[in-house]
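Visitor: any chance you could fold what I've pasted below:
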Amino acid sequence: MSFKLCIAQLNYVVGDLAGNARRIIEAARQAHAQGARLLLTPELAICGYAAEDLFLRPAFVAACDDAVKTVARETAGLSGLRIVVGHPAAVEGGGASSRSVRRAPCHNAATVICEGQVVARYAKRELPNYQVFDERRYFVPGDAACVFEVPDASGQPLRVGLLICEDAWHDGPALEAKAAGAQLLAVINASPFHVGKGDERECAMRLRTQATGLPLVYAHLVGGQDEIVFEGRSFALNADGSLAARAPSFEEALFPIEIATPAQPAKLVSLHGPTAPEQGLEADLWHALVLGVRDYVGKNGFPGAVIGLSGGIDSALVLAIAVDALGKDRVHAVMMPSPYTADISWIDARDMAARLGVRYDEVSIRPMFDAFLQSLEPLFQRRGADTTEENLQARIRGTLLMALSNKFGAIVLTTGNKSEMATGYCTLYGDMAGGFAVIKDVAKTLVFRLARWRNANDPYGNGLSPIPERIITRPPSAELRPNQKDQDSLPPYDVLDAIVERYMENDESPAEIVAAGYPQDAVNQVVRLIHLNEYKRRQAPVGIRVTHRSFGKDWRYPNTNRYRG
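Guide: Residues are numbered from 1 along each chain as shown. The predicted model follows:
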């Protein structure tokens, strides 16, 4: 016999308990109408992932419990359907924590509901505390396996072992579920995207199937939440580790999987379902950035976005991402030329804005720049021009963009990339001023790759190559002084980005990087700049994380720090 399982790979919103419950209820009704016997929701679906210090508020956890009860009550008439709902749960009899008189111990939990009744509950056992994860700050680990039964159409029960995300990256919880009688592992997850993470997950889960000899279903979240993105890509593996099904990436889906239950108990369960193809690195990255922008702008209620368009590659890439995410009518591009802006920058900015059909305005900053210089001249005491005058231009632009944001409500999308954020090649209160940093985790070399990929591909049906070729091929320049080029101040970007990756992302020492063949002077310069500019990054807007280590929650270095290693 066989039965259908569905995964509610949906875009939940942190803190929207009523809305998330409604989405689960609607998914349950649809799954039941399609003949499903089991519906899996992602980790912490009731409250969204991650709710961070909301978990420390007893009233929030109690409200999540009420939302779970709403799901149970509203799905009571769906006969035979088991619904696995992820949510935080107060520890029964836990009392007040020693850390706070107002905080009660809390589990990262999942409840199995059938016909309005709770039939099982599981508490996550392995609590991650690395990269962007802080689960030991919020949760108490569980200590027991959870196996529940799902009857097929003939009444023959299938025993399902429930795991939550990190549990499945370790042998113990899966093996204990098998020892408790599980014939199938169901893993509910909220695992943030970074480049290559999809393959990492499938490889890790393949190890679990090989260790247990059990098939596995991996139910995943989709959507953007502040700096992290979840790409969906739920999947199923047979007991031999072979791929049985894969949901699409970066899309919502009520994803069906057929489960063939054996006539004899000693036989293995087999799975099959649709299999979405894998995408390349650039495609995954593009869709992650687009989803991150769309959800940050949409979930926070901004009517649109405003971008300072310079005629350079970074702002061009951000503009293309914004239009794919929001549509041309919700994006406003502003060109703010200075005395040092090249004619080709005007021409290329106008060309790109026309290609994408966005509102485009030009506001010269020369009168304002001259006024600042005149006002400051007595205070500068005839000192020669330096980066101060360069930064004044960037700060005038930042002020203009923020004024437009104040007046019309649109969020300012900043355009700095990871290479600039690493080395401080950006101006505090200038080009760093804004509400959301779209490409702050995208290295400059990858910026060029993404621009070329988007020109060659049209995933959202805009019908043209959005970025003028000259923007991609001309040497990068901040255009804040005559004949300025980025490489006047920085190593070549292929060298710089490799050093940043090795030092910042992979924790290699300067000596190891030099031993790998990189110039000593360049290594010393980049490492010094990374630490020197920590104070800037602390004041930068939140931005989308797409690598396994970004500047943000992944990178926590003190501002006041004399260690250089």
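
Visitor: quick one: low-confidence parts of the stretch 401-550 of the chain?
Guide: 462, 478-481, 483-487 (pLDDT under 70).

Visitor: and the next helix or strand past the longest helix along the chain?
Guide: Once the chain is assigned using DSSP state H, the helix that runs over the most residues is helix 387-408. Under the assignment DSSP states H and E, the closest C-terminal helix or strand after helix 387-408 is strand 411-414.

Visitor: helices or strands up against the longest helix of the chain?
Guide: Applying 3 or more C-beta pairs under 8 Å, 6 or more residues apart in numbering; DSSP states H and E, one finds that helix 387-408 contacts strand 305-308, strand 331-335, helix 366-380, strand 411-414. To be clear about C-beta, it is placed using only N, CA and C from the backbone, and glycine gets the same treatment.

Visitor: can you list contacts of that helix?
Guide: 303-304, 306, 308, 332, 334, 336, 338, 340, 363, 365, 368-369, 372-373, 380, 410-412, 427, 429-435, 478, 480-481 (C-beta atoms under 8 Å, 6 or more residues apart in numbering).

Visitor: recalculate using a threshold of 7 Å.
Guide: 306, 308, 334, 336, 338, 363, 365, 368-369, 372, 410-412, 427, 429-431, 433-434, 480-481 (C-beta atoms under 7 Å, 6 or more residues apart in numbering).

Visitor: report the buried members of these.
Guide: Among the contacts of helix 387-408, those classed as buried by neighbour count (16 or more other C-beta atoms under 10 Å) are 306, 308, 334, 336, 338, 363, 365, 368-369, 372, 410-412, 427, 430-431, 433-434, 480-481.

Visitor: give me the pLDDT value at the residue nearest in space to the middle of the chain.
Guide: Centroid check for the chain by C-alpha atoms, centre = their mean gives Val229 as the closest residue, at 1.9 Å. Here the pLDDT value assigned to Val229 is 98.

Visitor: confirm that it sits in a strand.
Guide: Yes. Under DSSP: H, G, I helix; E, B strand; the rest coil, Val229 falls within a strand.

Visitor: residues contacting it?
Guide: Pro192, Phe193, Ala288, Leu291, Gly292, Ile544.

Visitor: what bridges to it?
Guide: Beta bridges link Val229 to Gly224, judged by DSSP bridges.

Visitor: likewise for Ala245?
Guide: Applying DSSP bridges, one finds that Ala245 bridges with Ala236.

Visitor: right, and Val68 touches Cys47 too?
Guide: No. Between Val68 and Cys47 there is no contact under C-beta atoms under 7 Å: 10.0 Å.

Visitor: tilt between the longest helix of the chain and helix 366-380?
Guide: Counting by axes from the mean of the first three to the mean of the last three C-alpha atoms, to 10 degrees, helix 387-408 points 130 degrees away from the direction of helix 366-380.

Visitor: any idea how far Arg29 is from the closest residue to Lys4 other than its chain neighbours?
Guide: Spatially, and ignoring its direct neighbours in sequence, Lys4 is nearest to Ala36 (4.4 Å; C-beta to C-beta, 6 or more residues apart in numbering). Computed as C-beta to C-beta, to the nearest Å, the Ala36 to Arg29 distance reads 10 Å.

Visitor: the two: who's more crowded?
Guide: The neighbour count for Ala36 versus Arg29, taken as other C-beta atoms under 10 Å, is higher for Ala36 (25 against 16).

Visitor: that older thread, mutual contacts of Val68 and Cys47, please.
Guide: His87.

Visitor: where along the stretch 151-300 of the chain do the helices fall?
Guide: 171-179, 197-212, 281-299 (DSSP state H, counting those that start in this stretch).

Visitor: what domains does the record give for this structure?
Guide: For the chain, automatic domain parsing gives the domain ranges 2-267, 283-486+534-538.

Visitor: hmm, back to that, now the longest helix of the chain: buried residues?
Guide: 389-398, 400-402, 404-405.

Visitor: how about stretch 55-72?
Guide: Buried residues in stretch 55-72, counted by 16+ other C-beta under 10 Å: Phe55, Leu56, Phe60, Val61, Ala63, Cys64, Asp65, Ala67, Val68, Thr70, Val71, Ala72.

Visitor: I figured the residue nearest to Lys4 hits Ser2, correct?
Guide: No. The criterion here is C-beta under 7 Å, and Ala36 misses it with Ser2 at 11.6 Å.

Visitor: pull up the gap between the residue lying closest to Arg208 once chain neighbours are set aside and Leu216, please.
Guide: The shortest distance from Arg208 to any non-neighbouring residue, by C-beta to C-beta, 6+ apart, is to Ala174 (5.0 Å). Distance of Ala174 to Leu216, computed by C-beta to C-beta: 8 Å.

Visitor: mind listing the shared neighbours of those two?
Guide: What both Ala174 and Leu216 touch, as defined by C-beta under 7 Å, 6+ apart, is the set Leu185, Arg208.

Visitor: from the buried residues of stretch 55-72, which two are the most distant?
Guide: Within those, Leu56 and Ala72 form the most distant pair, 25.6 Å apart (C-beta to C-beta).

Visitor: low-scoring pLDDT stretches of the stretch 1-150 of the chain, where are they?
Guide: For the stretch 1-150 of the chain, the ranges with pLDDT under 70 are 1, 94-104.

Visitor: now do the helices in it.
Guide: Using DSSP H, counting those that start in this stretch, helices in the stretch 1-150 of the chain cover 17-33, 58-74, 135-138.

Visitor: and for the stretch 451-565 of the chain?
Guide: 469-473, 493-500, 510-515, 520-532, 534-538.

Visitor: okay, the ones you listed, which one's buried deepest?
Guide: Highest mean neighbour count among the helices of the stretch 451-565 of the chain (mean count of other C-beta atoms under 10 Å): helix 493-500, with a mean of 21.

Visitor: got a list of contacts for that helix?
Guide: Lys418, Ser419, Ala422, Ala443, Lys444, Thr445, Leu490, Ile513, Tyr518, Ala522, Val523, Val526.

Visitor: thought Lys444 was touching the second one, still the case?
Guide: Yes. Taking contact to mean C-beta under 7 Å, the distance of 4.1 Å between Ser419 and Lys444 places them in contact.

Visitor: could the helices of the stretch 151-300 of the chain be laid out in JSON lines, adding distance to Val222, mean pLDDT and mean neighbour count?
Guide: Shown next, in JSON lines, are the helices of the stretch 151-300 of the chain (distance: least, C-beta to C-beta, whole Å; pLDDT from 0 to 100; neighbours: other C-beta atoms under 10 Å):
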{"stretch": "helix 171-179", "distance to Val222": "24", "mean pLDDT": "97", "mean neighbour count": "19"}
{"stretch": "helix 197-212", "distance to Val222": "12", "mean pLDDT": "96", "mean neighbour count": "17"}
{"stretch": "helix 281-299", "distance to Val222": "8", "mean pLDDT": "97", "mean neighbour count": "22"}
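
Visitor: any idea which of those helices gets closest to Ala145?
Guide: helix 171-179 (4.4 Å).

Visitor: so what secondary structure elements neighbour the closest one?
Guide: strand 157-164, helix 197-212 (3 or more C-beta pairs under 7 Å, 6 or more residues apart in numbering; DSSP states H and E).

Visitor: now distance to Val85 too, for these, in CSV please.
Guide: Compiled in CSV, the helices and strands packed on helix 171-179 are given as follows (distance: least, C-beta to C-beta, whole Å):
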stretch, distance to Val85
strand 157-164, 11
helix 197-212, 22
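
Visitor: among the ones you listed, which comes closest to Glu251?
Guide: From the helices and strands packed on helix 171-179, taking C-beta to C-beta, the stretch that ends up closest is helix 197-212, at 13.5 Å.
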